[in-house]
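Visitor: Next one to model:
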Amino acid sequence: MTFNEGVRADTGRVGRSRGRGIAVGGGGLGIVALLIYLFTGQDVSGVLEGGEQPTAEQGSFEHCRTGADANEFTDCRMLFTADALDQYWGAALPDQTGIAYQQPDFWVFEQSVSTGCGNATAAVGPFYCPPDASVYLDIGFFDQLETQLGAENAPLAQMYIVAHEWGHHIQNQQGTMATIDRQGTGPESDGVRLELQADCYAGLWVGQAANVVDPDSGVTFIQPPTREQVTDAIDAAAAVGDDRIQAGAGQEVNPETWTHGAAEQRVQWFTTGYEQGTMAACDTFAAPQL
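Guide: Next comes the predicted model:
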């Protein structure tokens, strides 16, 4: 999607970290702590190690002033995407669930980062950490999306990735993450249902984003997406399907090990959110079959 050039951003909304907070010899344990949390829901970071929280670099987004900057620079696009997601969920979450929206922290990092779930490197990919209610993203992942996963590194594909992680924050606010079995795997598991619901929430936002008004400028954040742009987002959803990742790595496709869902499932639920436009339509946990 394309940002309207008149939109203005809060340059302090997103933090930036450049590999700070990981002690020599401790990073490996930190990654273990993070992966254990992401796949099982058990927070063991305090047992394995401590770690400083990342600190925002002042002025690191000073070049991100207008929607035109977001259309030109990837880091600015992340900043404006965060603003657009905040404005959308700030209205949609209380309207549809009665829950007051709380903004997640959003960290753009390079190489490594310290989180409430443990230390992580860029190899982990984008993720949401419930203990500190934060989204973490190494922008280099977008290059991997194209070179390793076969999806177009296009603006809306990038924004879908961010919106998916925001979806996890919405689930955390709803209490979903605390009530499901996150240790099971397989195409019908709670873990897969959690991921597919986040895909649906991402599609919901993409479908509604062109109607969200920037309160600072009084214009909508984003121009209505073209069919080609929506296809870019759908392709990104398919590219991160468990079956596609397993096949691309030369592994046997084994549905019983899936944690995020097949490409077809991810596309289906993204499309459901995009077309139906309500959180109720994204109730993957009520679906008898995914």
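
Visitor: what's the burial count for residue 282?
Guide: Residues near residue 282, counting by other CB atoms under 10 Å, number 27. For the C-beta atoms, the positions are set from N, CA and C on the backbone; glycine is no exception.

Visitor: The residue nearest to it when sequence neighbours are not counted and residue 17, how far apart?
Guide: Setting aside the residues directly before and after it, residue 282 is nearest to residue 200 in space (CB to CB, 6 or more residues apart in numbering), at 3.5 Å. With distances taken as CB to CB, to the nearest Å, residue 200 is found 30 Å from residue 17.

Visitor: Check residue 187 too.
Guide: Applying CB to CB to residue 187 and residue 17 gives a distance of 35 Å.

Visitor: Look at residue 200 and residue 17 and report which has more neighbours.
Guide: Neighbours were counted for residue 200 and for residue 17 using other CB under 10 Å; residue 200 has more, 27 against 23.

Visitor: where does the more buried one fall, helix, sheet strand or coil?
Guide: helix (DSSP: H, G, I helix; E, B strand; the rest coil).

Visitor: Contact partners for it?
Guide: With contact taken as CB atoms under 8 Å, 6 or more residues apart in numbering, residue 200 is in contact with 167, 269-270, 272-273, 281-282, 284.

Visitor: try it again with 7 Å
Guide: Residue 200 makes contacts with 269-270, 272-273, 282, 284, as judged by CB atoms under 7 Å, 6 or more residues apart in numbering.

Visitor: For it, report the pLDDT, please.
Guide: Residue-level confidence at residue 200 comes out at 96, pLDDT.

Visitor: Distance check, it against residue 190.
Guide: Computed with CB to CB, the distance linking residue 200 and residue 190 is 15 Å.

Visitor: next one: residue 159
Guide: With distances defined as CB to CB, the gap from residue 159 to residue 190 amounts to 27 Å.

Visitor: what comes up buried for the host helix or strand of residue 243?
Guide: Residue 243 belongs to helix 242-248 when assigned by DSSP states H and E. Neighbour-count burial for helix 242-248, with 16 or more other CB atoms under 10 Å as criterion, is recorded at 242-246.

Visitor: Many thanks, we can stop here.
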